[in-house]
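# I need the structure of the sequence given here:
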Amino acid sequence: MLDLCEKPDYKSPFDLNLAAVEFVKKMSDSQRETMEVDALFVGAGVGNLAAAYALKSKIDAYNRTAEQRGEPPLRDPLLLAIDKCAQVGGHALSGAIVDAGSFRTLFPDVGDSDLPFLSPVTDESVRWLFRSGSLAIPGALVPGELHNAGCYLASICDISRWMAEKCGELGVEVYTEFAANELIRDGNAIAGARIADKRLDAMGNPADGYTPGMDILAKVTVLGEGTRGFLSQQLIGDFKLDAESNPQVWGLGIKELIEIPAGRIAQGSVIHTMGYPLDWSTYGGGFIYALSDTLLGLGLAIALDYRNPWLSTHGAFLEYKSHPMIAKLIQGGKVVEYGAKSLPEGGYFALPQLAVDGAVLVGDSAGMINCMRLKGIHLAIQSGMLAAERIFQAMRSNNFTRAALDYRPDFEAGWAGDEMRRARNFRQSFHRGLIPGLFAAGLHRISGGKLPGGRKSLPPDYVALRKATGPEPRKRPVSCDQELMLDIETDVFASGTIHREDQAPHCRIVNPHACIQCEADYAAPCTRFCPAKVYEEKRDAAGNFSGIHVSFSNCLHCKTCEIKDPLRNLRWFLPEGGDGPKYRRM
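Residues are numbered from 1 along each chain as shown. The predicted structure follows:
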């Protein structure tokens, strides 16, 4: 019987026809095409695109002057970036406030006005929200890390597409709808990745139009799949790259783009909020970013080590929007896009080892986020550039061992390592509640990360959930008009997410019988922590709980199910390439 406390086995098709899977594997291996590249970048997000662009730029610059130095030029490499989404940026979601320093380093000949940003930050404030009111925090009391002078508001979708175009101009290939679901091994080294087969039916059998996925062989594979990347988790687990790290902890960010009447707020304005609708024991907060004078990015981030089993992530987001201060701002508006993603919040002490023979981790896949600054894009780009330097030297020496590829020493010696070290115990400070957290975080900031001292650790998020006792607490009802206040189904529709219905579910329940225990102990929290209503209660004729129905086609690929499920009974696999959300301006 499966031990639900074991680490997820990302390779086991728990609920598929195992004989069919083995048959398909044997049959497809004989038909499977093989492609050889010099470097494979799994994920076309900002970290990997920065790595690909920096690597190709270094090689081109080296070759231009090789003859003058009397050295042979490097062979023009084949660099390939792949992504599971239908269009570059389609699965990317961020606030986003961007520290442009990394962009200036990566694109030294591009001025700020030509970078893919929407507006400089022109005004900012932090407010504490109560149930019906709010209090502005005086600027002198706002930590410097929350000041955003010189930063820019942006769409991570726009940034990703722009960077992909820049990579293309240098000759880097970028393929979409390529869902890499298996690492290719050569002994203890990574030798590339296998692309998932297409057109398998719900039981894993070949259907009409079946196409075996390609094997892409590479001297080095760069995993920059974003938060909780599928292959990244395989790599970290298989090679125990986190054996000496703190357990990673996560947050969930929910975001809408809302069109509002002009004149309400000036473009470039930034408002961060604390307090309502989250309770005193839950870390998180909201944001309101004026991307233009008629378009708001509005979101709520919730730390997934919350204790309250009744917390509904989408319900909390609706409560946030209904707060009088926010409701007045968005009144008469219309939601035009919705999305959600998980965020690695563990910080410096949760960083895994960054390299093995033949592969490296970058960006969110490596946990590169600074919770104290509420930023990660600049760190993702910096990690990509540092990895590119190591790969460039590896290509020169034809040495792709872990020692050659490991950019951790360069990270530690530079500003990125210093920035994350200064925030090393920040997120941990809030595990015991908001007030103790604010006090400890103040000490942490004043001391440059030295206080509270030592290395603080947090348990995995799924451990924090309390058991549900008594009936669900009553909440203030929120009326959904389906224009501005959307129910969860309408919000999911606004994400554009779609999955082929007759494929194997990629959101899976390991042991359906365990759902009965989970409902009795925790009141089926998957029906509330999922921001896309993937999981719904099933009840018999007498109204008794009988199980969980999985609507995997709703999935936004946030992977909250794997992170928060208290029995570790839910698994997230890769769906077919091209499936998932269709974010446009997130």
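# C-alpha only now, for contacts and for neighbours.
Will do.
# which residues in the stretch 51-200 of the chain form strands?
79-82, 97-98, 119-120, 123-129, 134-136, 152-153, 173-175, 180-186, 189-195, 198-200 (DSSP state E, counting those that start in this stretch).
# neighbouring strands - and their directions - for the fifth one?
On the basis of DSSP bridges, the sheet neighbours of strand 134-136 come out as strand 123-129 (antiparallel).
# any buried residues in the partner strand, and which?
The neighbour-count check on strand 123-129 (16 or more other Cα atoms under 10 Å) flags 124-127, 129 as buried.
# cool, and stretch 478-489?
Applying a neighbour-count criterion of 16+ other Cα under 10 Å, the buried positions in stretch 478-489 are 484-488.
# equivalent analysis for stretch 325-339, please.
Neighbour-count burial for stretch 325-339 flags 327, 329-330, 333-339 (criterion: 16+ other Cα under 10 Å).
# would you map the helices across the stretch 301-450 of the chain?
Shown for the stretch 301-450 of the chain, the helices assigned by DSSP state H, counting those that start in this stretch span residues 313-322, 324-330, 377-397, 402-405, 408-413, 415-422, 434-446.
# same thing with the stretch 51-200 of the chain?
101-106, 156-170.
# for W250, give me its contacts.
Each residue near W250 by Cα atoms under 8 Å, 6 or more residues apart in numbering is listed here: 303-305, 342-346, 461, 563.
# redo these as CSV? Include pLDDT and distance to L311.
As requested, the contacts of W250 are exported to CSV (pLDDT from 0 to 100; distance: Cα to Cα, whole Å):
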residue, pLDDT, distance to L311
A303, 98, 12
L304, 98, 10
D305, 97, 12
S342, 98, 16
L343, 98, 18
P344, 98, 20
E345, 98, 20
G346, 97, 22
D461, 97, 14
I563, 98, 15
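# and the residues you listed, which is closest to R584?
R584 has its nearest neighbour among the contacts of W250 in S342, at 18.3 Å by Cα to Cα.
# for the closest one, which non-adjacent residue is closest in space?
Once flanking residues are discounted, S342 sits nearest to L252: 4.4 Å by Cα to Cα, 6 or more residues apart in numbering.
# in a strand, that neighbour, correct?
Yes. Inclusion of L252 in a strand is indicated when DSSP: H, G, I helix; E, B strand; the rest coil is applied.
# that one and L304 touch, don't they?
Yes. With the criterion set as Cα atoms under 8 Å, L252 and L304 qualify as a contacting pair; they are 6.6 Å apart.
# okay, and the common contacts of the two?
Listed as contacting both L252 and L304 by Cα under 8 Å, 6+ apart is no residue at all.
# just to revisit the earlier point, in JSON lines, list the contacts of W250 along with distance to A81.
Formatted as JSON lines, the contacts of W250 follow (distance: Cα to Cα, whole Å):
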{"residue": "A303", "distance to A81": "31"}
{"residue": "L304", "distance to A81": "31"}
{"residue": "D305", "distance to A81": "34"}
{"residue": "S342", "distance to A81": "23"}
{"residue": "L343", "distance to A81": "23"}
{"residue": "P344", "distance to A81": "23"}
{"residue": "E345", "distance to A81": "26"}
{"residue": "G346", "distance to A81": "27"}
{"residue": "D461", "distance to A81": "32"}
{"residue": "I563", "distance to A81": "27"}
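# in the chain, which residue is most central in space?
The geometric centre of the chain, computed from its C-alpha atoms, lies nearest to T227 (Cα atoms, centre = their mean), at 2.9 Å.
# tell me the contacts of that residue?
Counting by Cα under 8 Å, 6+ apart, T227 touches 341-344, 364-365, 367.
# try 7 Å
T227 makes contact with 342-344, 364-365, according to Cα atoms under 7 Å, 6 or more residues apart in numbering.
# and which of those is nearest to I516?
Top of the list for closeness to I516, among the contacts of T227 and by Cα to Cα, is S342 at 26.6 Å.
# per-domain residue ranges of this structure.
34-65+73-91+160-245+352-424, 428-455, 501-572 (automatic domain parsing).
# could you export those domains as TSV, including distance to L291?
Conversion of the domains of the chain to TSV gives the following (distance: least, Cα to Cα, whole Å):
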stretch	distance to L291
domain 34-65+73-91+160-245+352-424	17
domain 428-455	29
domain 501-572	23
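# for L135, find the nearest of those.
Comparing these by their distance to L135 (Cα to Cα), the top pick is domain 428-455, with 16.2 Å.
# distance between the ends of that closest one?
Looking at domain 428-455, the gap from its leading to its trailing residue is 10 Å under the measure Cα to Cα, to the nearest Å.
# quick check: buried residues in it?
For domain 428-455, the buried set under the neighbour-count rule, 16+ other Cα under 10 Å, comprises 428-431, 434, 437, 440-445, 449-452.
# ok, stretch 340-347 next?
Those buried within stretch 340-347 under the rule 16+ other Cα under 10 Å are 340-347.
# swap in stretch 131-149?
For stretch 131-149, burial by neighbour count (16+ other Cα under 10 Å) applies to 134, 147-148.
# same thing with stretch 388-403?
The neighbour-count check on stretch 388-403 (16+ other Cα under 10 Å) flags 388-395, 399-402 as buried.
# turn those into JSON lines, including distance to R75 and pLDDT.
Written out in JSON lines, the entries for the buried residues of stretch 388-403 read as follows (distance: Cα to Cα, whole Å; pLDDT from 0 to 100):
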{"residue": "A388", "distance to R75": "16", "pLDDT": "99"}
{"residue": "E389", "distance to R75": "17", "pLDDT": "99"}
{"residue": "R390", "distance to R75": "17", "pLDDT": "99"}
{"residue": "I391", "distance to R75": "14", "pLDDT": "99"}
{"residue": "F392", "distance to R75": "12", "pLDDT": "99"}
{"residue": "Q393", "distance to R75": "14", "pLDDT": "98"}
{"residue": "A394", "distance to R75": "13", "pLDDT": "98"}
{"residue": "M395", "distance to R75": "10", "pLDDT": "98"}
{"residue": "N399", "distance to R75": "15", "pLDDT": "98"}
{"residue": "F400", "distance to R75": "16", "pLDDT": "99"}
{"residue": "T401", "distance to R75": "20", "pLDDT": "99"}
{"residue": "R402", "distance to R75": "23", "pLDDT": "99"}
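# need those in a markdown table (columns: distance to G43).
Rendered in a markdown table, the data for the buried residues of stretch 388-403 read as follows (distance: Cα to Cα, whole Å):
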| residue | distance to G43 |
| --- | --- |
| A388 | 15 |
| E389 | 19 |
| R390 | 19 |
| I391 | 17 |
| F392 | 19 |
| Q393 | 22 |
| A394 | 21 |
| M395 | 21 |
| N399 | 24 |
| F400 | 20 |
| T401 | 22 |
| R402 | 21 |
